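1. sharing a model prediction with you, sequence too.
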Amino acid sequence: FVDWQQNDERFKDFGYPWTIDCMMPNGIKELTCREISKMEKEIDTRDEVQSIYFKTKFTLDGWFDIWSKSFDVRSQWPWAALMTHDDDRSKIARNLPKSWNDKSSAYVPANAGELKLAHVEGPGYDKTTYHDELALKSMLRHQESTGGVHFRLVSNLFHLIRNAPGSTHIVAVVDGQMNRSHQAMMSLLNSKITQLYPKYGQMVFGNFDDLKKWELIPLKKMNGNRKILTWGSDLTLMDVLRMRGIKIKMVPITTTSQSFEKSVCGGQYTFAPYLAARYAADYQVMMFIDGDTAMIENSNRKETIQSMLYGRFFSTDSSKCAGHRLRLIEQYVKPEDENTDRVLQCTRDLSSSREKWDYTMKNCHLKEGHIVVRTDSIYAFSVHHPDTLAAYTPEGVEDCITPANKETDRYFVKESEFVQVHLRNRQRKPECTCFANPPK
């Protein structure tokens, strides 16, 4: 971050992301975490419960160039932002695995079909410039804004429907743009498949039986002809998600606007630790990904994402790692290709051409990928680093982060499994572009 601030014009005068880990003290019984959380369903209707908040203040010593100064850090959080599903941590701890293959644990799935997977993006937000500086868009002034719903979501859901049935997609958004984001999401979910995916919707999702099997729908289906729809032409995206067992969860993030306007990576590094603390108990594996990335499996694979991750984390062939880094493969989308059909065709061409796949894997892995982790072992989602502590891992599970993040097949998810394709609207390398042929 220091290098970015000194050398990147985009981040001049930006702040640093700070993570503060807090533990609620034991107190009066009626005011402990668990007791208040029992009233979760009543919080929306009872003013006296809504008024409960958690307040912190502490002092840090700062050193700025040649002078030092202490400064206060203050925060105030509404109770709903802190509460978990069950705040009795001892109850959760009793169910944690004692070893990496502890089948008696509620956090170790018996097979790939039982694996609870969540993939998370965000926090998403819409921004503008004010007096030549970044600012969050006003939802009152910008009626056309879709808030925190990323414009790549429709194409990325296409692939998650194919290769990750039964999973959950979590979308975090800035709370001031939550209502607009929810409206945009509902509009998307109620749109017809034939409208969202004019070219590939019928090819890939045309068979009712395929949708209900919860098996991998391979990318090669995109090479076929349009099929006679077994479900008619009125099927919506929400209908298909329900048939494939995929849930969408939207999470509003209550943070000051400066966190998104004046910090590198727009709040990701402060959101990710909260993500681990708040939602890890609900899933067995979680992926933290960018909104403009798609999970694309190798064309030789016949398993879902869950099956491959079960093999990585829990099978007899497990790498026994607390977390893995994904390979982030760049594909620049030119302005003239900015429509859903062309973006999907870009991923299809990448997967179907062995020559292009091999070239791209070798030459277009340009930046750090994101992470996938065992939730019973993670300490914090540090965006690109699955941070853990020895005390957090079952016996036999290891921190596999390599020195200097050296690329190894144990720590990195292999391209023979699946990769994270970064469908950027900015170019880093000319040959890493949709529809560009590998040089001879």
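-> Everything's here; your move.
2. and the helices in the stretch 151-300 of the chain?
-> Secondary structure of the stretch 151-300 of the chain, counting by DSSP state H, counting those that start in this stretch: helices at 153-163, 178-189, 193-196, 201-205, 208-212, 237-243, 258-261, 268-279.
3. same check on the stretch 301-440 of the chain?
-> Secondary structure of the stretch 301-440 of the chain (DSSP H, counting those that start in this stretch): helices located at 305-313, 340-352, 354-363.
4. where does pLDDT dip in the stretch 151-300 of the chain?
-> 225-232, 256, 258-266 (pLDDT under 70).
5. contacting residues for the residue nearest the centre of the chain?
-> The structure's the chain has its C-alpha centroid closest to V120; by CA atoms, centre = their mean the separation is 2.1 Å. For V120, the contact set (CB atoms under 8 Å, 6 or more residues apart in numbering) comprises H169, I170, V171, A172, L275, Y279, M286, M287, F288, I289. (Each C-beta comes from the backbone N, C-alpha and C, glycine too.)
6. and for K367, the neighbour number?
-> Other residues within reach of K367, judged by other CB atoms under 10 Å, total 12.
7. what's the closest non-adjacent residue to it?
-> Taking CB to CB, 6 or more residues apart in numbering as the measure, K367 lies nearest to L328, with 5.5 Å between them; neighbours along the chain are not counted.
8. all strands for the stretch 51-200 of the chain, in order.
-> With strands called from DSSP state E, counting those that start in this stretch, the stretch 51-200 of the chain shows them at 53-64, 67-78, 117-124, 127-130, 133-136, 168-174.
9. and the fifth one, what other elements does it pack with?
-> The one in question is strand 133-136. strand 127-130, helix 258-261 (3 or more CB pairs under 8 Å, 6 or more residues apart in numbering; DSSP states H and E).
10. ok, the first one next?
-> If contacts are counted by 3+ CB pairs under 8 Å, 6+ apart, strand 53-64 sits against strand 67-78, helix 79-82.
11. worst mean pLDDT among the ones you listed?
-> Here those differ in mean pLDDT, and the lowest is helix 79-82 at a mean of 63.
12. picking up where we left off before, and the strands of the stretch 51-200 of the chain: which comes nearest H142?
-> Nearest to H142 among the strands of the stretch 51-200 of the chain is strand 127-130; the distance by CB to CB comes to 7.3 Å.
13. buried ones in the closest one?
-> Neighbour-count burial for strand 127-130 flags K127 (criterion: 16 or more other CB atoms under 10 Å).
14. quick one: distance of it to the chain centre.
-> For strand 127-130, the distance from its own C-alpha centre to the chain's C-alpha centre is 25 Å (CA atoms, centre = their mean, to the nearest Å).
15. fine by me, thanks again.
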